[in-house]
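**Student:** model the following, please.
(one chain, ligands or ions: 3)
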Amino acid sequence: MVWRNTFLDPAQPGGWALLYNQQQFLADSNGVLFPRDWVKRQDLPILGEQGIGHFGDDAVYLLQLKPSATLEGCSWQSLRQFMLQGDAETFRMLAYAAQIGTWYAEHRYCGSCGTPTRQLPGERAMRCDSCESQHYPRISPSMIVLVTRGDEILLARSPRFVTGVYSTLAGFVEPGESVEHCVAREVREEVGVEVKNLQYIGSQGWPFPHSLMLGFHAEYASGEIVMQEDEIEDARWFRVDDLPPLPASRSIARHLIDLYVARRLGLPEPSLP
Ligand SMILES: NC(=O)C1=CN([C@@H]2O[C@H](COP(=O)(O)OP(=O)(O)OC[C@H]3O[C@@H](n4cnc5c(N)ncnc54)[C@H](O)[C@@H]3O)[C@@H](O)[C@H]2O)C=CC1
Ligand SMILES: [Mg+2]
Ligand SMILES: [Zn+2]
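**Tutor:** Ligands and ions are numbered 1, 2, ... in the order given. The predicted model follows:
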């Protein structure tokens, strides 16, 4: 089943409903999609509703619930769980839904004047009629880079990672800088190393909560590893044939590593997740 996001008018009846709050979806043994007209007859605290796209031929709507919402036989399941275990199209749908949900939850009032906003018909935007301003879903560009030195790659651990896992370096692009500048700055800040010969590999939308990852390979140029306090717990060079536990296979972090390893070892190249 293929997921395609589109703008659907929530005034239309029918379709499926996703029940969402704060990076979680209500699910039962059949999954996350519930008959929408049935859902509306339940006594659920609905904050808002968006028509977000089609899963196969079926219309899908996102119902934003209060955190207190419960439905018999259902439990809240995290988006991260679906990233780790769900099928690819379901994860794509939930990733989009979660970002629309986050944006809606954060723009119910105007950030300039505090007036309640309203959903614009026909467009994915929240409008403040008092300021005449519109607020679209927010995306945060971030770079992610694998630093390489021949048969070695530089991987690091954040204190937030699962025990033992090492990954590539990542960070948010700051206002006014280019992505290339961001790569050099973040690598310098996090591990004290200079890089050269950046190669853009590809991108990935990352819904935790709204990053767009721009992925690179970069060659080591100079410097010794100096770890950034608080952000980096450990950083070191690993040989491509002797790697630690790595991030989830659906992440671009993993792709950057797998791709480089495949190139060094002469194996078939993986495709972008
Ligand atoms: N898909 C993938 O393979 C991976 C994705 N990521 C994502 O990359 C992003 C950046 O990675 P980090 O190393 O955590 O970033 P980072 O190195 O810039 O540091 C994180 C810090 O940035 C600040 N921050 C939070 N949200 C921000 C925003 N929207 N704009 C600017 N600063 C913000 C906070 O102080 C936070 O503690 C995150 O969204 C993370 O989930 C990170 C690694 C792998
Ligand atoms: Mg970082
Ligand atoms: Zn306003």
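
**Student:** so where do the strands sit in the stretch 101-250 of the chain?
**Tutor:** Remark: strands assigned in the stretch 101-250 of the chain by DSSP state E, counting those that start in this stretch are 118-119, 126-128, 133-135, 140-149, 152-157, 169-172, 194-206, 211-222, 234-239.

**Student:** quick one: contacts for the closest residue to ligand 2 within the chain?
**Tutor:** Relative to ligand 2, the nearest point of the chain is residue 171 (4.2 Å; CB to the ion). In short, each C-beta sits where N, CA and C put it, glycine included. The contact partners of residue 171, by CB atoms under 8 Å, 6 or more residues apart in numbering, come to 142-143, 182, 185-186, 189-190.

**Student:** what segments of the protein are helices?
**Tutor:** Under the criterion DSSP state H, the chain contains helices at 36-41, 79-85, 88-106, 179-191, 252-265.

**Student:** among those helices, which is nearest residue 50?
**Tutor:** Nearest to residue 50, of all those, is helix 88-106, at 5.7 Å by CB to CB.

**Student:** please parse this structure into its domains.
**Tutor:** What automatic domain parsing lists as the domains of the chain is 3-106, 140-265.

**Student:** picking that back up, so what's the residue of the chain closest to ligand 2 bridging to?
**Tutor:** Beta bridges link residue 171 to residue 143 when assigned by DSSP bridges.

**Student:** show me which residues of the stretch 101-250 of the chain sit near ligand 3.
**Tutor:** 110, 112-113, 115, 128, 130-131 (CB under 5 Å from the ion).

**Student:** next, the contact list for residue 259, please.
**Tutor:** 201, 217, 269-270 are the contacts of residue 259 under CB under 8 Å, 6+ apart.

**Student:** so who does residue 77 touch?
**Tutor:** Counting by CB under 8 Å, 6+ apart, residue 77 has contacts 24-27, 32.
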